Every structure is written in structure tokens, then in C-alpha cells.
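Novice: Curious how this folds, go ahead:
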Amino acid sequence: MNHLKSLIAVTILIFANFSVAADFDPNSLLVFRVGDGTNTLTNSVGPISILEVSKANGSILQTINIPTTALQVSGSATSEGAISLSSDRRTLTIGGYLPPFTGSGSLGSRTAAQAPRAFVTMDSTGTISPTTTLTNFYSTDNIRSGVAAGAGNYYFTGSSGPGSGIMFSGSSGTNQIADINSRQIQVRNGNLLYSTGSGTRGIYSFNGLPTSTTNASSLLTGVTGQGTSPYDFTFSPDGNTLYVADDGIGVQRFNFSNGSWTHAYNLTNGLTSGRAFGLHVDFGSSSNDVFWTSASDTGVNSIWKASDAGSAVAGTTLLAAGSNYAFRGLEASAVPEPSSVALLGFGTLALLGLRRLNQKS
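Specialist: Numbering: from 1, shown residues only. Alright, predicted model coming up:
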């Protein structure tokens with residue numbers, strides 16, 4: 001009995017000193033938002049926040065602001081602000097520029113000395129890490145997306161050129177993996193994947209997680225009906241369905257059969273322009289719920305939702321960004337760790353307060 005009292009006392013002490021933000025709802029999304037709602041979005045400054053948004057009705061459940069002194073992105077560069085979950089699905093990596101800025105013009109056109117490229121991460125408690133500077137990365141080029149690959153290793157994408165393209169930063173130093181104008185980057189099944197709207201456009205994959213210069217293999221290129229400006233992309237758990245957010249079309253669905261991909265149809269937003277950037281899909285047994293961020297030539301910027309049951313449908317607005325805001329990247333939310341409740345050993349009690357990022361796709 002005394003042992004039980006001691007165990008309870010230690011558990012209470014752990015919880016008393018474990019301070020976290022409000023729990024993420026398992027039925028929510030995390031969206032990257034740029035802007036402060038007051039000042040017009042420009043290419044020289046852009047405050048960042050991560051919104052937790054209900055998948056059901058688009059309500060904003062909470063807002064996590066990244067200090068403007070820690071990181072910013074361009075308010076007008078739609079290629080910036082992509083977000084990806086880490087290889088263990090627990091961490092978001094957010095790339096941008098570290099203030100204070102010097103020089104003039106767009107952030108992406110400034111040198112690494114004038115606008116240092118940098119990143120922060122957000123863990124499963126909603127905590128933002130200190131800023132890490134990426135020395136001499138993407139000087140006079142855009143930094144677009146990043147992903148954590150474990151053991152302190154990170155990958156980033158951006159415009160092409162020396163110190164640009166797909167870059168690695170980690171325990172073995174920093175290296176350029178590929179000199180390619182790249183957009184979204186992800187880790188899937190232990191392999192590094194990226195999208196590009198330059199050269200032979202589409203989705204590519206490296207074998208494993210390279211730390212030095214190497215070549216990638218094509219995953220989705222040259223398919224009849226495929227768009228030419230891919231951003232985010234999501235595979236089904238079985239790997240036979242692929243959704244791609246395309247800047248000129250909307251969201252495209254591709255099916256894999258008999259050793260090759262075919263274009264099935266497009267999910268659009270019905271606006272003047274079907275521009276799509278961030279993407280998340282909840283895969284179901286009979287239909288898939290598809291969410292994406294989109295902008296139009298008329299200035300509308302929103303999160304859209306469509307239920308894909310096997311045929312082309314138009315999406316509906318889930319949440320409008322609002323005046324002087326823009327949405328970019330989109331990811332799954334973090335939820336409480338369900339299995340930790342069953343782990344009653346003393347060494348695992350602290351896990352009861354932790355949460356992990358959980359993505360169905």
C-alpha cells in the first residue's frame with residue numbers, strides 16, 4: 001500500500017510539472033497561416049502562426065503563434081510555408097527567415113547574411129523550439145519546406161543553385177543532396193520524397209535518407225492528364241492511391257495498377273483558379289476526406305474539403321483565411337497517446353501526459 005501511495009505521489013508530481021498547450025483534437029488539422037490580419041501581405045515580411053482547425057466545421061480550435069523575432073516567411077510567396085510531419089509523425093518542421101532583416105526587396109532574394117535561412121519545430125505538445133540557423137543555405141533563394149528525419153537530421157527544399165535545392169543538415173554536417181528547384185519534402189517508408197515544378201515535373205523519391213549528393217528516381221512524371229505545378233502530395237496506406245495538390249488545377253487523384261500510375265480525375269474548388277498547395281487526406285473504407293489549401297486569382301484563400309467516393313466532385317469551403325492572411329501548408333493534428341494508458345510501469349507513467357502527431361495517410 002505504501003508503495004502504491006509513493007507511486008501515486010510521483011505521478012502527481014510529474015503531472016504538476018508537465019505544462020502543455022490544450023490537447024489537439026483528433027479530428028482536426030494543423031494549417032500554416034501567414035499574416036497578422038492587419039497589414040497587407042508583402043514579400044518582405046510575414047508573421048507565422050499554426051492554427052488547429054476542426055475537420056467537421058472549420059472552427060479554429062486554437063492558434064499557436066510563432067514569435068516574429070523567431071521566424072518569418074514571405075507574405076506573398078505561395079511556395080513558402082509548406083509543412084511536413086517527421087518520420088516518426090511527431091514533429092512539424094517550419095522553414096523560414098530569421099529576423100532582424102537587412103537589405104531590401106523580397107526575403108527570398110536577399111542573401112543569407114541579410115535574411116538568414118532558419119527553422120523551428122513544433123512538437124506534439126504544441127511547443128515551438130528555439131530557432132536554428134541554416135548557415136549559408138538558400139542565399140538569394142527561397143526556403144520552402146523541411147522535414148525531421150530523426151537523430152537530429154533534417155532535410156529542406158527551395159530554389160536551385162549552390163547551397164540550395166534539396167539540402168541536408170544533421171549529425172554528419174550539411175550537404176546538398178540534389179540541385180533541383182524543389183517544393184514539398186516528406187519521409188515515407190524510410191525514403192525521402194519531394195515534388196518539383198521544374199524540369200521533368202512531378203514526384204520523386206530517393207532510396208533511403210541520403211546525406212550526400214545522389215540521384216532520385218521518378219515516382220510520378222509524364223502521366224497523361226498530370227498537372228505541371230505539383231506541391232503537396234499524399235499516398236494511401238497501401239500505396240495504390242496518390243493525391244497531388246497542383247497550383248494550376250486543384251487536387252488530382254492518381255491510381256496505381258499493373259505497375260503504372262494513371263490519372264483518375266481532379267477535385268476542384270470551383271474558383272477562377274484551382275490553385276492548391278497544402279494537402280491532407282483521411283483514407284476511409286468507402287470514401288476519402290480530402291482537405292487542401294487553395295488560392296484563386298480573385299484573392300480568395302481557404303481550406304477546402306471534398307469527400308472522394310470514387311468520382312470527381314467539387315470541394316466546399318471549410319475555412320476562409322480572412323483579410324490580410326493566407327494559408328499555406330496543411331497537416332494532420334496531434335492527438336493524445338491512447339496506448340500509454342495501458343503502460344503502468346513506473347518508467348512509463350510520464351508518457352500519460354504526452355501526445356503524438358497521428359496521420360491517417
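Novice: Spatially central residue in the protein, please.
Specialist: Centroid-nearest residue in the chain, with CA atoms, centre = their mean: residue 83, separated by 1.8 Å.
Novice: Can you tell me, leaving aside adjacent residues, what's nearest to that residue?
Specialist: Excluding its sequence neighbours, the residue lying closest to residue 83 (CB to CB, 6 or more residues apart in numbering) is residue 329, at 3.5 Å. All C-beta atoms are positioned from the backbone trio N, CA, C, and that covers glycine.
Novice: repeat for residue 221
Specialist: With sequence-adjacent residues excluded and distances taken as CB to CB, 6+ apart, residue 221 is closest to residue 202, at 3.6 Å.
Novice: Residue 286 now?
Specialist: residue 309 (6.5 Å).
Novice: Relative to residue 317, how far out is the one you found?
Specialist: 20 Å (CB to CB, to the nearest Å).
Novice: Between the two, which is the more surrounded one?
Specialist: Remark: of residue 309 and residue 317, residue 317 carries more neighbours, 15 against 10, as counted by other CB atoms under 10 Å.
Novice: surely the more buried one meets residue 302?
Specialist: Yes - look at residue 317 against residue 302 with CB atoms under 8 Å: they come within range, at 4.9 Å.
Novice: Give me the pLDDT for residue 19.
Specialist: We have a pLDDT of 32 for residue 19.
Novice: wait, I meant residue 36
Specialist: Residue 36 is assigned 96 on the pLDDT scale.
Novice: OK, contacts around it?
Specialist: Contacts here follow CB atoms under 8 Å, 6 or more residues apart in numbering; on that basis residue 36 touches 47, 324.
Novice: what secondary structure does it sit in?
Specialist: Here residue 36 takes the coil state, with states given by DSSP: H, G, I helix; E, B strand; the rest coil.
Novice: gap between it and residue 46?
Specialist: From residue 36 over to residue 46 (counting by CB to CB), the distance is 9 Å.
Novice: now swap in residue 78 and tell me
Specialist: 12 Å.
Novice: more neighbours, the two?
Specialist: Remark: of residue 78 and residue 46, residue 46 carries more neighbours, 27 against 19, as counted by other CB under 10 Å.
Novice: Looks like that one contacts residue 34 (just checking).
Specialist: Yes - between residue 46 and residue 34 there is a contact at 4.4 Å, judged by CB under 8 Å.
Novice: list the residues that contact both of the two?
Specialist: By CB under 8 Å, 6+ apart, residue 46 and residue 34 have these common neighbours: 73-75.
Novice: Closest to residue 210 out of these?
Specialist: Proximity of these to residue 210 (CB to CB) peaks at residue 73, which lies at 26.3 Å.
Novice: Tell me the bridge partners for residue 34.
Specialist: Counting by DSSP bridges, residue 34 is bridged to residue 48, residue 326.
Novice: check contacts around it.
Specialist: Under the criterion of CB under 8 Å, 6+ apart, the neighbours of residue 34 are 41, 46-48, 73-75, 81, 325-326, 328.
Novice: Among the residues you listed, give me the pair with the biggest separation.
Specialist: Farthest pair in those (CB to CB) is 74 and 325. Separation: 14.0 Å.
Novice: still on that earlier bit, and for residue 317 and residue 302, which residues touch both?
Specialist: Joint contacts of residue 317 and residue 302 (CB under 8 Å, 6+ apart) are residue 269.
Novice: Need the pLDDT of the nearest residue to residue 327 once chain neighbours are set aside.
Specialist: Take residue 327 and drop its neighbours on the chain: the residue closest to it by CB to CB, 6+ apart is residue 293, 4.1 Å away. In this model, residue 293 is scored at 95, pLDDT.
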